[in-house]
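**Q** below: sequence and its predicted model.
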Amino acid sequence: MKRNFLIQLIKPGNSKNIPRRQQQKKMALLYLRNCLTRSDVIIVAQIDGEPAGLISWRITGTNKKHFLRFILWMTSLIKVAVTKEGRKMLEYSARLEESNDKLLFCDENIQNYGAEISLFIIDERYRGLNIGRKLLEDAEKQMKRAGVQRYYLFTDTQCNYGFYDHMGLIRSNELKETYFVSGKSEELVHFLYEGQTK
């Protein structure tokens, strides 16, 4: 799989400030590697040999990390942490993780989740072609074969969260947070969705 594909899927924005854009790319790569490090299964959709989307998931209750992916994640972490802006981005990322924890640990059904979808992205060029639906359905089938009945995922208002409503997942919790990025306040709503394998 091409590394640039993964970086392109998580758009770092169109900043004219080149050093900042480079730092955002490093942060996107760090995020991707973190998700993939925690994943037990990674499914990639291709069109004409080119990656078009990706979904990854893990069985909950396991803290298994894949060693090579972990080393790559640590390398990315170091590259981000060496700059002041990178450390600010890491603080922002830590707040996002805290928000996810608040959502998950407020939910009374946490013990019943058998899996977490840790990463789900579709290349913008291929949206609307049912790739997301097919990836999610394939992941659900694989989860069911692994004995998973219920799963969860996190998303927020920066993502296409309406897709999960359309697919019949249940929005079981939400949390509104205010973040200060580059001196500006931004409101973000985080969601916890749950699904059942069919």
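**A** Ah, there it is. Everything numeric in this text was worked out from a predicted model, so none of it was measured. Numbering: from 1, shown residues only.
**Q** assign a three-state SS to residue 163, would you?
**A** Following DSSP: H, G, I helix; E, B strand; the rest coil, residue 163 is assigned to helix.
**Q** verify the contact between it and residue 132 for me.
**A** Yes. Applying C-beta atoms under 8 Å, one finds residue 163 in contact with residue 132, separated by 6.0 Å. Where you see a C-beta, it was placed from the backbone N, CA and C, and this is true even at glycine.
**Q** for the residue lying closest to residue 58 once chain neighbours are set aside, give me the pLDDT.
**A** Excluding the flanking residues, the one nearest residue 58 by C-beta to C-beta, 6 or more residues apart in numbering is residue 40, at 4.5 Å. You'll see residue 40 listed with a pLDDT of 84.
**Q** same thing with residue 151?
**A** Per the predicted model, pLDDT is 95 at residue 151.
**Q** strands paired with the host helix or strand of it, and their directions?
**A** Using DSSP states H and E, residue 151 sits within strand 150-156. Paired with strand 150-156 in the same sheet, following DSSP bridges, are strand 115-122 (parallel), strand 184-196 (antiparallel).
**Q** among those strands, which is the most enclosed?
**A** Greatest average neighbour count among those goes to strand 115-122 (a mean of 22), per mean count of other C-beta atoms under 10 Å.
**Q** what bits of the protein have low per-residue confidence?
**A** The chain contains residues with pLDDT under 70 at 1-24, 26-27, 61-82, 85-86, 89-90, 92-93, 107-111, 181-182.
**Q** can we see that at 50?
**A** The chain contains residues with pLDDT under 50 at 1-19.
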